[in-house]
Every structure is written in C-alpha cells, then in structure tokens.
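Colleague: Okay, predicted coordinates and the sequence, questions at the end:
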Protein chains: 2
Amino acid sequence: MYQYEYPRPALTVDIVLFAMYQQQLQVLLIKRADAPFVGKWALPGGFVDMDETIDKAARRELEEETGLTKVFLEQLYTFGAVNRDPRDRVVSVAHFALINRDNHQIKSGSDASDAKWFDFDKIPKKLAFDHKQILKVAIERMRGKIRYQPIGFELLPKKFTLSQLQSFYETVLDRELDKRNFRKKILRMGLLDPLEEREKSASGRPAQLYKFNRKKYNQLQRQGFHFEI
Amino acid sequence: MYQYEYPRPALTVDIVLFAMYQQQLQVLLIKRADAPFVGKWALPGGFVDMDETIDKAARRELEEETGLTKVFLEQLYTFGAVNRDPRDRVVSVAHFALINRDNHQIKSGSDASDAKWFDFDKIPKKLAFDHKQILKVAIERMRGKIRYQPIGFELLPKKFTLSQLQSFYETVLDRELDKRNFRKKILRMGLLDPLEEREKSASGRPAQLYKFNRKKYNQLQRQGFHFEI
DNA sequence: TGTTTAAGTGTATTTTGTACACTAATTCAT
DNA sequence: ATGAATTAGTGTACAAAATACACTTAAACA
C-alpha cells in the first residue's frame, strides 16, 4: 500500500497505432479481458510505472501488448475528464504511433485477449473509456500533420511506389489528388531516391520504387526547408 | 491520508503565459516562496484536484496566481521525466496561454511571493524544475502555430494597427517581413475589419486601426479555408 | 496478338510570392 | 509658420508555384 497526503489520479498511457494496409488506414485495437468494459475494444495502453518516463511507459505497453519495438511514437494529448474511468480518477497521456504492417508483425500479448486491426472507417461505434474521443483527436492530428511533416514514410514500406504514396495521402486526406501534379511536387523536393528495382506487379506496368532520403530531409530542415504537400 | 495499491505520480499543471508588450514577446514567471527552488523563478502552476479536469486545473491555478480569467489556453505537452521534481515523482501537463497585457491586469496572488513579466530573450538562465525545457517547447509550438493559426490576435489589443501585427510576426519568427507584401497577404484574407478610428500616435502618421473578424474566420474555416502567413 | 491494367509524362493558364522606393499625415522643435 | 523627423501607406514587374487536363508505355494474361 502506498500513502499520500493528498489524493492522486492514476496515470496511464494509451496508444493510437496507425498502419496503412491495402489502401486503408487502420488502427490497432485490443479486446479487453478484464473489467471495466470486458469484451469491448480499446486502445492499447496501461499504467505508468514510477521509474519510467511517459514515453518509456508508452513504448513498454505497446511492446507488451503487440510485441512492437522501435515504432514512430509521439505524444498526442492528455485526457483528464473526471469520469473517463468508472472505477477511479485516471488521467491518460494518449500517444500517436505509426508503423507499416509489412515490416512489423503483431504478436498478441499477455495482457490482451485479442488484438485486431480495424479499417479506420469501420471501427466499432462504442469503444471502452473515452477511446472514441481519443481516436477523433488522433485522426485530426494525423490530417493536420501529414501536410507539413513527412510521416507518410513511417506507414509505407521502405521501398514504395509513387502511386502508393499518393494513395496514402488520398486516404488520409479523404480526397483525390492529381497524379501528375502530385508527382511533380513530391519529386521537386528531391527527398525521394529512385531505386534500381521496379515493383513486380500483378498486372499493369511495373512501377519505379523509391525510398525516402531521411538524411537529406534532416539536412534540408536545418536549413529552414519546410516539407509541404 | 490516501492509500493506493500501486504508487502514483503526483499530477500538476504548468502554464507558459505569453504576452506581447512594447514589441517584445514576454512570459510571466513567479518567484517561488517555498521549497524546493525557493527564490527561483518558475512557471505558474500547481496540483490537479481530484474533481476537476486538467483544463480546469490550469485555469484555476492561473487565476489563483495572477487573477486572470478567460484567457486563450491549450495543452502544450506532458512532462514526465522521473526526476524533474527532486522531492517526488511529479508529472506535469504544461499549457500554453496567450493574453494581451492591455486588457488584462496581473494581480500577484497568494501562492506566489512575486510575479513578473520577462522579455523572452532575457529570461534567467536557471529556472525551477524543468521549466527552461518547457519554455523551449512552448516557443517552438508558438513559432509553428503562428504560421497557420490566427493566434496573434490573442496577444494584440482588440484594436490594432497593421504595423503592430507585422511587428508581432517579426518578433516571434525572429526575422523581418516586407511591409507591402505582408499587408497584401493579410488583407487579402478578408479577416480584418478596418475601424472608423485611427491610432493617436506619439509621432508619425496616425495608423488605421483594425479588428480581427473571428466570426468570419470560423465561417471560412468550416469551408476548408486555411489561415497562413 | 490484342485486351486489360496501372505507370508515367508535358504544357498552358492562373495564382501566389517576392523584390523594391516613394508619397502622405502627423508631431515637434525653432 | 515652416521644415525636420517619424511612421503609415501604396503599386508594379518578375519569378515561382499551383492547377487543369489526356495520351503513351510496359507489363500480364487470355
């Protein structure tokens, strides 16, 4: 038992883990094994330990529940509504994470009875806690961020085609982009290196593969360059 | 005394309160009356109560320490380094607040032995806790936000001149802008209503006063308009 | 070999960004 | 009353970027 002079909220982290799969933006949810909200879908997350930073807690929980390490992860927002957890006052630092499903395989962990990818537009109407609201903030952040930060490359395979990249922007922004103008704009920045390889496609002309040149991006950024789509 | 099965960090809020005064970006700091860091300058802030949201806590603390209400306030980042408070594990949700000093008068409150405005570039080298780091994140957010959100109007008087507005952008972005191009761009948006009045100036030609048309901004924003400087 | 599929390419027009220097309205000192 | 000092206010030419738009190319497969 731990005693304090004043009452304290419990502190947790939650993670909105996005992936791009088959032209769909997806989110990983976990079926709750315990009360409250048993059987409901929820974001991966858990309690912050006393000897770890918040970032560490988020990474640890993500690893425990999915096996994933080394993902792109940043703070989203801290949710502190008084009754967001029916048992107790719980404040949660929500996070925003990105992976590509081709490089990372999910292993269902011990805490979770089940982990499953949902297409963003097919997420169950009711989620545990205020997780629906957290998802809303996450997608807003995503839409805002995508325009001026090169986060798409976290979600795509290392080697990708311009069509895949365009499709990512179209999916997240939820509108169509002109193919020629998109290519002109993205290639003009000089951040994509064409590879020797071409895609082995099921049908149609094989596409040129590119990779994102992060070194060059970091360098340009130091010189005041602003990525923008 | 309050007992919990697992240990919990204490939860606080801190507020970076910005103002624009005499062409200078300023921040309000409070001289600490109690340990730890007695006598050091610190951000206003304090503990989150069990029956209030985080936003409420930030507003309450700001009011207690400065008398200010109805300020522009939003979450900045949650700081959770393990040893950021030497006494105990304390996690702090930092906030970002904007006022204009002409409309709001500071009253030094009970918690604080002293509250003082500092020019942003003349802040003491050492502040209490990790508040220097919080300020660094705050100014970065400010520089990022200013470009695509009309936050300058929170810091300027309700009636302002285009020179004042330009000066604000120049101060925060720390570079000079072309007067004619700046005016063209900002007026083209149609968000500034010219007033009948002119400024009574100490010297030089009196300037046209404008006010920000928030109603129109909200309306345009719903139609997908993006403010950008 | 021709049908299907997706990749890849250029140009003209409009819009926006940028660089740049003088005139206008007021105060203040003499 | 006059001119010196101070700040506000204005337009245009050129460059760069955004936008709209349709056909050709390379492969797979029947």
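Modeller: Sure thing, it's come through.

Colleague: Tell me the pLDDT of the residue of chain A found nearest DNA strand C.
Modeller: Closest approach of chain A to DNA strand C (C-beta to the nearest atom of the strand) occurs at A:Gly204, with a separation of 2.3 Å. In short, each C-beta sits where N, CA and C put it, glycine included. At A:Gly204, the pLDDT value in this model is 91.

Colleague: In three-state terms, label it for me.
Modeller: Judged by DSSP: H, G, I helix; E, B strand; the rest coil, the three-state class of A:Gly204 is coil.

Colleague: Give me the neighbour count for it.
Modeller: Applying other C-beta atoms under 10 Å in any protein chain shown, we find 8 other residues in the vicinity of A:Gly204.

Colleague: Tell me which residues of stretch A:173-193 come out buried.
Modeller: Buried residues in stretch A:173-193, defined by neighbour count with 16 or more other C-beta atoms under 10 Å in any protein chain shown: A:Phe182, A:Arg183, A:Ile186, A:Met189, A:Leu191, A:Leu192.

Colleague: Can you give me the end-to-end span of it?
Modeller: 24 Å (C-alpha to C-alpha, to the nearest Å).

Colleague: repeat for stretch A:83-99
Modeller: 32 Å.

Colleague: In chain A, where's the longest helix?
Modeller: helix A:131-146 (DSSP state H).

Colleague: buried ones in it?
Modeller: A:His131, A:Ile134, A:Leu135, A:Val137, A:Ala138, A:Ile139, A:Arg141, A:Met142, A:Lys145, A:Ile146.

Colleague: next one: stretch A:141-160
Modeller: A:Arg141, A:Met142, A:Lys145, A:Ile146, A:Pro150, A:Ile151, A:Gly152, A:Phe153, A:Glu154, A:Leu155, A:Leu156, A:Phe160.

Colleague: Please name the nearest non-neighbouring residue to A:Leu162.
Modeller: Distances taken as C-beta to C-beta, 6 or more residues apart in numbering or on different chains place A:Arg183 nearest to A:Leu162, at 5.6 Å, with adjacent residues excluded.

Colleague: Looks to me like the one you found is in a helix.
Modeller: Yes: under three-state DSSP, A:Arg183 falls within a helix.

Colleague: and chain A, which of its residues are near DNA strand D?
Modeller: A:178-181, A:184-185, A:198, A:201-206, A:228 (C-beta under 7 Å from any atom of the strand).

Colleague: Could you check how far the closest residue to DNA strand D within chain A is from A:Arg183?
Modeller: Among the residues of chain A, A:Arg205 lies closest to DNA strand D, at 3.1 Å counting by C-beta to the nearest atom of the strand. Relative to A:Arg183, A:Arg205 is positioned 15 Å away (C-beta to C-beta, to the nearest Å).

Colleague: Which parts of the longest strand along chain A count as buried, going by neighbours?
Modeller: With secondary structure taken from DSSP state E, chain A has its longest strand at strand A:10-21. Under the neighbour-count criterion of 16+ other C-beta under 10 Å, strand A:10-21 has A:Ala10, A:Leu11, A:Thr12, A:Val13, A:Asp14, A:Ile15, A:Val16, A:Leu17, A:Phe18, A:Ala19, A:Met20 buried.

Colleague: Can you give me the buried ones in the host helix or strand of A:Tyr169?
Modeller: Assigned by DSSP states H and E, A:Tyr169 belongs to helix A:162-173. Neighbour counts over helix A:162-173 (16+ other C-beta under 10 Å) mark A:Leu162, A:Ser163, A:Gln164, A:Leu165, A:Gln166, A:Ser167, A:Phe168, A:Tyr169, A:Thr171, A:Val172 as buried.

Colleague: Count residues in the vicinity of the residue nearest to the second one when sequence neighbours are not counted, would you?
Modeller: Here the nearest residue to A:Ser163 in space, its sequence neighbours aside, is A:Ala207; by C-beta to C-beta, 6+ apart that works out to 6.0 Å. Burial of A:Ala207 is recorded as 15 neighbouring residues (other C-beta under 10 Å).

Colleague: Likewise for A:Leu28?
Modeller: Neighbours of A:Leu28 using other C-beta under 10 Å come to 25.

Colleague: can you check A:Gln22 too?
Modeller: For A:Gln22, using other C-beta under 10 Å, the count is 8.

Colleague: ok, back up a step: which residues touch the next helix-or-strand element following the longest strand of chain A?
Modeller: Sequence-wise, the next helix or strand downstream of strand A:10-21 (DSSP H and E) is strand A:24-31. Contact with strand A:24-31 is made by A:16-20, A:39-44, A:65-66, A:101, A:106, A:111-120, A:123-124, A:127, A:135, A:171-172, as judged by C-beta atoms under 8 Å, 6 or more residues apart in numbering or on different chains.

Colleague: For A:Ala138, list the residues it contacts.
Modeller: A:Val16, A:Phe18, A:Leu76, A:Ala94, A:Phe96.

Colleague: before we move on, the earlier item: return the distance of the helix or strand following the longest helix of chain A from the chain's centre.
Modeller: Where DSSP H and E defines the elements, the next helix or strand beyond helix A:131-146 is helix A:152-155. Chain-centre distance of helix A:152-155: 9 Å, with C-alpha atoms, centre = their mean, to the nearest Å.
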